[in-house]
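Visitor: predicted model and sequence below, questions to follow.
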Protein chains: 6
Amino acid sequence: MIDTRVATWPEIKEYIDRRAVAILAFGAQEEHGPHLPLSTDTVEAGGLARRLAEELDAMLLPPIPYGDSWGAGGFPGTVSITFSTIYSLIIDIGKSLKFNHVRGLIVVNGHFGNHNPIELAARELTAQSDFPTMMLDFPGLVEIAGQVLESKPAAPTFYHADEFETSMVLALEPTTVHMDRAQAEYPEFPVSYYSEPILLNTFCKSGVFGDPRPATAEKGKRMLEMLTRENLKIARAFIDRIDTRENGLKP
Amino acid sequence: MIDTRVATWPEIKEYIDRRAVAILAFGAQEEHGPHLPLSTDTVEAGGLARRLAEELDAMLLPPIPYGDSWGAGGFPGTVSITFSTIYSLIIDIGKSLKFNHVRGLIVVNGHFGNHNPIELAARELTAQSDFPTMMLDFPGLVEIAGQVLESKPAAPTFYHADEFETSMVLALEPTTVHMDRAQAEYPEFPVSYYSEPILLNTFCKSGVFGDPRPATAEKGKRMLEMLTRENLKIARAFIDRIDTRENGLKP
Amino acid sequence: MIDTRVATWPEIKEYIDRRAVAILAFGAQEEHGPHLPLSTDTVEAGGLARRLAEELDAMLLPPIPYGDSWGAGGFPGTVSITFSTIYSLIIDIGKSLKFNHVRGLIVVNGHFGNHNPIELAARELTAQSDFPTMMLDFPGLVEIAGQVLESKPAAPTFYHADEFETSMVLALEPTTVHMDRAQAEYPEFPVSYYSEPILLNTFCKSGVFGDPRPATAEKGKRMLEMLTRENLKIARAFIDRIDTRENGLKP
Amino acid sequence: MIDTRVATWPEIKEYIDRRAVAILAFGAQEEHGPHLPLSTDTVEAGGLARRLAEELDAMLLPPIPYGDSWGAGGFPGTVSITFSTIYSLIIDIGKSLKFNHVRGLIVVNGHFGNHNPIELAARELTAQSDFPTMMLDFPGLVEIAGQVLESKPAAPTFYHADEFETSMVLALEPTTVHMDRAQAEYPEFPVSYYSEPILLNTFCKSGVFGDPRPATAEKGKRMLEMLTRENLKIARAFIDRIDTRENGLKP
Amino acid sequence: MIDTRVATWPEIKEYIDRRAVAILAFGAQEEHGPHLPLSTDTVEAGGLARRLAEELDAMLLPPIPYGDSWGAGGFPGTVSITFSTIYSLIIDIGKSLKFNHVRGLIVVNGHFGNHNPIELAARELTAQSDFPTMMLDFPGLVEIAGQVLESKPAAPTFYHADEFETSMVLALEPTTVHMDRAQAEYPEFPVSYYSEPILLNTFCKSGVFGDPRPATAEKGKRMLEMLTRENLKIARAFIDRIDTRENGLKP
Amino acid sequence: MIDTRVATWPEIKEYIDRRAVAILAFGAQEEHGPHLPLSTDTVEAGGLARRLAEELDAMLLPPIPYGDSWGAGGFPGTVSITFSTIYSLIIDIGKSLKFNHVRGLIVVNGHFGNHNPIELAARELTAQSDFPTMMLDFPGLVEIAGQVLESKPAAPTFYHADEFETSMVLALEPTTVHMDRAQAEYPEFPVSYYSEPILLNTFCKSGVFGDPRPATAEKGKRMLEMLTRENLKIARAFIDRIDTRENGLKP
């Protein structure tokens, strides 16, 4: 594994020559309650991406610390970038990697709001630019969280500033967590929440969704391991197919 | 309810004057196996939109018969439009309705691939153009299908040319269904299916996902009713909030 | 001829295999006076496209029911989409057809406001994507109308909600016409009408331009036949040139 | 009238203060046979714009010497710009004039291929930016040419490198015309010419459409005068409406 | 050298056949004090482009008379076009020249504000469209001005409506210069001038930066010659590399 | 000063309430010879941004670790993003900060290739979105480098992987520097280097421009201090003007 942030170009050349893939964490800068840092999603994606790079002996790219945090925009400190900018970042980075003869790209997404533009960019890069690209977005999360956590999520598949995220940051960057300020909130979601645009701060006071108090670094480490195992399974399937182009997108 | 396709402008004026909302079905033109028409998704969205318009005494717009069917693009006859075109259609239609003093827009989406651009456009119209817009995308589908259908879906939340869709078209436009050609296929999904772009025809021969053979018009009618009930609940919550702008997006 | 809306993919495969062209009607949703439906232009283009598909044994695509109706935007019920969205629709559909190995595309345009973006898209698809595309826009209309109609148009080459359009809809979808509400209006066009943007409702009350009262289904059928003959002549010339690329745009 | 190309800013300030309109000629750089310069359309638009500016005591802007000459692109020397660039030029110039408190803009178009993007930009500037903009595109040309010229055009309303254009350039910039090389060509237009994209050089050898030989400077001057009269009528109607916004686009 | 504005297409064909390059002057329409015309930058670029075309026996294209003059937008008469329009103009013209088999393009830029978009377009044309394009932007100007001029510039490398520009226009188009109105102004630049967007008229009254009074046509001619020599050196290096593609951008 | 990466939203709210500005470092991921990390420019911009935030008690945003490194694209490991993506990032972040009631934005740019898009975005945010934005791009660098460094730059104002950059990284992140691999290279720049697009690796082997060997952390610290002083002077002038809008862009 090579961390390209601190590497020099001749060191990276070796990885490209031996046909390594690149791994990019995509995060966000958004409110995570009074006890977690704004960079929580970046920290999580970064942690998963690093583990994956280690297992695959891949090239780890610098993480992108902003994402589409429109829904959290009503909380101070949230900085959101748009769909098209996220899409363009992935397209640009993919094309640049291809120009450099890198074999393929795995994007580890740490924030739900980034899912759609990364997915669209991966499709475009793979189909139009012949540069195989995939996205890993916490596969198996619901099952893993169900096995490890003691508290309930605020809504099905909705994990934000709760026991899950707090455990993850406790495992990855513990000094940024303020457990003394951790508080639970189970807001009532508007009936139309998943169907119309609604800012989260209109129905949630603290920015916490669920109960972060039972979080521990131990749980975080265990979940990181389980998520890494899921990620690896899929990433290896992706890499195996890169040369055969079994996705139907032969150039 | 007024069907704006066959109405004249003075008739529509009355609806606008009494502050009715507009309802738009968004469909697709894509393969649905050897027994269902390419317009299956348009038929389903159109049927749901019409029922909703009746219940809400709303203005029913002509349905859009194309969607983002990239994944099905390897099957003959599939005609796909892109993310940005779908997005632009919703934006244009929303702005045009606003210019006409229509109160708000409900998009009934009949095809999974359209979800992301419609969602983004609804956000943009609501937040930037002060034109409240929402999307209904088969809310409650998994529960409803679980209650009514006899066969299993080919993958969780994946309903395509199967008992669900076949029942729906049998209920809505039965002459276009060829039950004699209906066949079951339970393809094996690639491990990386949800993480990288893959054309469906690389792992599915018939275009059928699941078993359409137990489908009946009766089941279709029952599910239409249940889905309409779910849609109504959410649509009414949306309409109730239009004037108060409780979504945090007060202009 | 195959109507792709109600066809299945294996049926369409046969047409593609025998190198059929695709035909797309482009319509509009705009006011047509107190007696004609908003979908008048879609009905007309759809009717012409169907006849053409029959004669050429082609693939008939679902019509697009919205167009650029900016000028009629001051009348309730008009829903307008923009130049760039119309352009993108044609580009997307053309590229998707090409991906499916369809031989070429004929767009039958039913609304004046769509002319420019379809023309530009046809150029782009033909020259840049090597996918031959053409547009038919009521060729020979002035002569044909002159031969069949009893009333004068409100302005040269300007046919809107008048005897021409009313006859056409009477021939194609008679139940949507309200002849009892038909009235004549010969508005005075502003001197600068063709040179600056002006909304039609600033100088026309009813939305009728001319006199629809002498309209009959018989006249509509006769004109449909004559227009089809003109369309066929041009479409066949286009198809004959597809393989030779005599348009100067050899790839 | 002030020619802003050679004027200084304090001189222009006076015109803006007294609420003058600006006039912009839009030309093209394209083949006009072996006897006319590539800038023929710019020369014509420039000549008309200057006369108009004189009559209206307006601000004459520097002409734009490129247009959309796609069709003539097969002839050496043609330099074409695209729809969107022409559109952007008008939008930019309009917004810049509005920032400078200019009252309105009249675009004198010298080339058929520029019609669509200028029209769209005029609509956008007027409706969205509240900056009244119009286009003059040889109004009355067919009648005027019919009265003055001895030769027939190569096709109805098609005037290119023929007696009309040659007379115009003879009147405006005679030293650039080579009457000794003038030759007639009446090419046969493909049946589908107005319906599909076709390069002109596939059916025309010389780049001349019609017969330029009877052209004289005298005819050119007479037509310039007649065209100016038509332009003036429309321009004055436009200017009269600027303050009342009778176009239905009141901000 | 051939001036393509007044040339005919068969004359230009000869130049293309012998592999000549094209030269385009890019100017601006902006205030240049009370004594210089708004077209000053166009005049300067045009003069340099013509000399270069003569020396290289190249094809001289019509100059573009507008540029990005955002900073001068507060002075009456300035007409500014945007970054993306300038970029598109160069891209369009480059692609059109390539379609015509022209060998390469040299853009002579007369206005600082155009530098960035032309540079980006040259990169894009060269790298993506395989059409070698370069920009000449007064190379050696500081040294040349230092040798010839008597007055100091208002700020390092800042020459606007001063002795430099006045001498140039006196040499190239003397009738447009009003030396009797020439006045000196040495405005105080805000500390943050180069770091934040600031309109020039907020700290400069006359639009003159420096002292134009010592300007003479003689100085202008001398500097034109020196600048031409610098331009030629670079242009010839560019042309020499066109066929070898030593820029690393081999297609 | 608050580091928003590790802060929580209630902590940031305090800064916004007291009208602090935000500071964003913009870096790059590109080759810096065999002895410096790819993130050199991000490290430098980040270091300067942090010092500035401390002095101004501002909100420090997470740095962006990619930039426009097109020229260095021929070296392995360089990852470049495009002009329009950089522009969009600044626009998005600016608008998001404005939505959050932040007072203004200072972008500290660490890489020459980012200058143009950041400058354009700052103009757009300030003029169109009424959100004051500025860019600091190593003001005073040439003077400071001249005072502190022992070696010559490879070309005037060209500092890359040389004594300047090596000293800076030695001061900021010394563990990433490999002084044992530091080597000097004074490549010969092509005559047309500043006028046409050329990849750096076509004339430079090591990726080093100049002589990094005399670099020391001490020099780096001294230059950091001097640069911070320059930055502060300009930043304070900018902040002083925020409320008065003396830039001529009063909304």
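Guide: Happy to help now that I have it. Numbering: from 1, shown residues only, chains lettered A, B, ... in the order given.
Visitor: C-alpha from now on. contacts and neighbour counts both.
Guide: Fine.
Visitor: and A:A154, how far from chain B?
Guide: Going from A:A154 to chain B by CA to the nearest CA, to the nearest Å gives 18 Å.
Visitor: before we move on, what about A:D243?
Guide: Counting by CA to the nearest CA, the gap between A:D243 and chain B amounts to 14 Å.
Visitor: could you tell me the model confidence score at that residue?
Guide: With respect to pLDDT, A:D243 has a value of 81.
Visitor: what count of nearby residues applies to it?
Guide: 11 (other CA atoms under 10 Å in any protein chain shown).
Visitor: and it, how far is that from A:R103?
Guide: Distance, A:D243 to A:R103, by CA to CA, to the nearest Å: 9 Å.
Visitor: so the residue in the stretch 51-200 of chain A that chain D sits nearest to, which of the three states?
Guide: Across the stretch 51-200 of chain A, the shortest distance to chain D (CA to the nearest CA) belongs to A:S84, at 20.2 Å. Here A:S84 is helix, with the state taken from DSSP: H, G, I helix; E, B strand; the rest coil.
Visitor: residues contacting the closest residue in space to it that isn't next to it in sequence?
Guide: Spatial nearest neighbour of A:S84, excluding adjacent residues (CA to CA, 6 or more residues apart in numbering or on different chains): A:P117 at 7.0 Å. Contacts for A:P117 (CA atoms under 8 Å, 6 or more residues apart in numbering or on different chains) come out as A:83-84, A:86-87.
Visitor: A:P117 and chain C, how far apart?
Guide: The value you get for A:P117 to chain C, if CA to the nearest CA is used, is 19 Å.
Visitor: next one: A:A155
Guide: With distances taken as CA to the nearest CA, A:A155 is found 37 Å from chain C.
Visitor: do the same with A:L172
Guide: Taking CA to the nearest CA, one finds A:L172 at 45 Å from chain C.
Visitor: surely that residue meets A:T42?
Guide: No. When contacts are counted by CA atoms under 8 Å, A:L172 is not listed as touching A:T42 (10.8 Å).
Visitor: could you give the bridge partners of A:L136?
Guide: A:V108 (DSSP bridges).
Visitor: got the contact list for it?
Guide: A:106-109, A:231, B:195.
Visitor: which residues of the stretch 51-200 of chain A lie near chain D?
Guide: Residues of the stretch 51-200 of chain A lying close to chain D by CA under 8 Å from any CA of the partner chain: none are found.
Visitor: all strands for the stretch 51-200 of chain A, in order.
Guide: A:59-60, A:105-109, A:133-136 (DSSP state E, counting those that start in this stretch).
Visitor: contacting residues for the nearest residue to A:M168 once chain neighbours are set aside?
Guide: Nearest residue to A:M168, sequence neighbours excluded (CA to CA, 6+ apart): A:G220, at 4.2 Å. A:G220 makes contact with A:164, A:166-172, according to CA under 8 Å, 6+ apart.
Visitor: the helix or strand where A:A45 lies vs chain B: in contact?
Guide: Under the criterion of DSSP states H and E, A:A45 resides in helix A:40-56. No. On the criterion CA under 8 Å from any CA, helix A:40-56 is out of touch with chain B, staying 14.9 Å away.
Visitor: who are the packing partners of that helix?
Guide: strand A:22-26, strand A:59-60, strand A:105-109, helix A:163-172, helix A:217-242 (3 or more CA pairs under 8 Å, 6 or more residues apart in numbering or on different chains; DSSP states H and E).
Visitor: please list the outside residues in contact with it.
Guide: Outside helix A:40-56, the residues that reach it (CA under 8 Å, 6+ apart) are A:1-2, A:23-30, A:32, A:58-60, A:63-66, A:108-111, A:165, A:168-169, A:172-173, A:224, A:227-228, A:231-232.
Visitor: are any of those buried, and which?
Guide: Listed as buried from these are A:1-2, A:23-30, A:32, A:58-60, A:63-66, A:108-111, A:165, A:168-169, A:172-173, A:224, A:227-228, A:231-232; burial here means 16 or more other CA atoms under 10 Å in any protein chain shown.
Visitor: neighbours around the residue of the stretch 51-200 of chain A closest to chain D, how many?
Guide: Residues lying near A:S84 (other CA under 10 Å) number 16.
Visitor: what separation is there between it and D:P153?
Guide: 50 Å.
Visitor: try A:L36
Guide: 77 Å.
Visitor: the two: who's more crowded?
Guide: Higher neighbour count among A:L36 and D:P153: A:L36, with 29 against 22, using other CA under 10 Å.
Visitor: surely the more buried one and A:P174 touch.
Guide: No. Using CA under 8 Å as the test, A:L36 is too far from A:P174 to be in contact (9.7 Å).
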